[in-house]
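**Q** from the sequence below, what's the structure:
(one chain, ligands or ions: 2)
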Amino acid sequence: MTAPRPALPGLAGLQGSLFDQDSDSGPGPLGGLRRIMLGDGGVGDGGGRGADGAWVDHLSGWFHGADALFEELAGCVPWRAEEREMYERVVAVPRLLAYYREGDPLPHPALLEAREALNGHYAPELGESFVTAGLCLYRDGRDSVAWHGDRIGRSATEDTMVAILSLGDPRDLAFRPRGGGPVGLRLPLGHGDLVVMGGSCQRTWEHAVPKTTRAVGPRISVQFRPRGVA
Ligand SMILES: O=C(O)CCC(=O)C(=O)O
Ligand SMILES: [Fe+2]
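**A** Numbering: from 1, shown residues only. Ligands and ions are numbered 1, 2, ... in the order given. Below is the predicted model:
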């Protein structure tokens, strides 16, 4: 039996030692980004998969003052519980959500700075800008997101990018080839980390945040996407 949980996490769950004390939150330089190729000779290529042009960029500790940002987002974002049709069934989504469409004011100025920094770095390669922001709150290790690709809209047929700022307790972001198979990459996302999924990643690979029995507190994921990608 699962214990009932409050709609919002208690911030007491946060481990103080994990967080820096800087109250001014913002993105740092992107020079330290590391690109990991998926398939095609990269990770998860055990089955001799052909070139699929999927990649993931990762940068640990991109954000400074990430604890202040976490607390402000946890407290001021209008988090919603949702149901979603998945595999032709309606299921409760085990995480809380908020969505900012193109042109909507973002809930914190540091997220605007993050988006500007990402656009400055990636727009030449992406050919457009990140414009929407999806926020997810994983209250504890029972919250998760199942295997999926962000394939609603243009990303069903075109290469694109989805950039994620991870805040709060660490959780793994796992990757496997579309349709199943062994996990090709398990990326532990820490407080203030940046991960960017690019190329054909949404079409040819799936990602998930698996449930964990580890004692983890809340995590917030901020996903920046271009127009028409969800
Ligand atoms: O929690 C994350 O960082 C991943 C979220 C995700 O994959 C999604 O919302 O599409
Ligand atoms: Fe996703």
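**Q** contacts and neighbour counts: CA atoms only from here.
**A** Fine.
**Q** beta partners of the residue in the chain that ligand 1 sits nearest to?
**A** Per CA to the nearest ligand atom, residue 221 is where the chain lies closest to ligand 1, at 4.7 Å. Counting by DSSP bridges, residue 221 is bridged to residue 136, residue 166.
**Q** I'd guessed it sits against residue 163; true?
**A** No. The criterion here is CA atoms under 8 Å, and residue 221 misses it with residue 163 at 10.0 Å.
**Q** what is the lengthiest helix in the chain packed up against?
**A** For the chain, the longest helix by residue count, based on DSSP state H, is helix 109-126. Secondary-structure packing of helix 109-126 (3 or more CA pairs under 8 Å, 6 or more residues apart in numbering; DSSP states H and E): strand 26-27, strand 130-138.
**Q** ok, 7 Å please
**A** Secondary-structure packing of helix 109-126 (3 or more CA pairs under 7 Å, 6 or more residues apart in numbering; DSSP states H and E): strand 26-27.
**Q** who does the strand it packs on pair with, and is each partner parallel or antiparallel?
**A** strand 63-64 (antiparallel).
**Q** heading C-terminal from the strand it pairs with, find the next helix or strand.
**A** helix 66-76 (DSSP states H and E).
**Q** report the buried residues of the very next helix or strand once past that following helix.
**A** Once the chain leaves helix 66-76, the next helix or strand it forms, by DSSP H and E, is strand 80-86. Residues of strand 80-86 classed as buried by neighbour count (16 or more other CA atoms under 10 Å): none.
**Q** just the CA trace of strand 80-86, in PDB.
**A** C-alpha atoms of strand 80-86 as PDB (Å, rounded to 0.1, in the frame of the first residue of the first chain):
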ATOM      1  CA  ARG A  80      -0.900  20.400 -11.100                       C
ATOM      2  CA  ALA A  81      -1.500  16.700 -10.800                       C
ATOM      3  CA  GLU A  82      -2.500  15.200 -14.200                       C
ATOM      4  CA  GLU A  83      -3.800  12.100 -15.900                       C
ATOM      5  CA  ARG A  84      -2.400  11.100 -19.200                       C
ATOM      6  CA  GLU A  85      -3.400   8.700 -21.900                       C
ATOM      7  CA  MET A  86      -0.500   6.300 -22.200                       C
END
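**Q** which other residues reach it?
**A** By CA atoms under 7 Å, 6 or more residues apart in numbering, the residues outside strand 80-86 that reach it are 90-93, 95-98.
**Q** strands - which of the residues you listed land there?
**A** Per DSSP state E, strands hold the following members of the contacts of strand 80-86: 90-93, 95-98.
**Q** doesn't residue 203 belong to a helix?
**A** Yes. Checked against DSSP: H, G, I helix; E, B strand; the rest coil, residue 203 lies within a helix.
**Q** got the contact list for it?
**A** 149, 151, 155-156 are the contacts of residue 203 under CA under 7 Å, 6+ apart.
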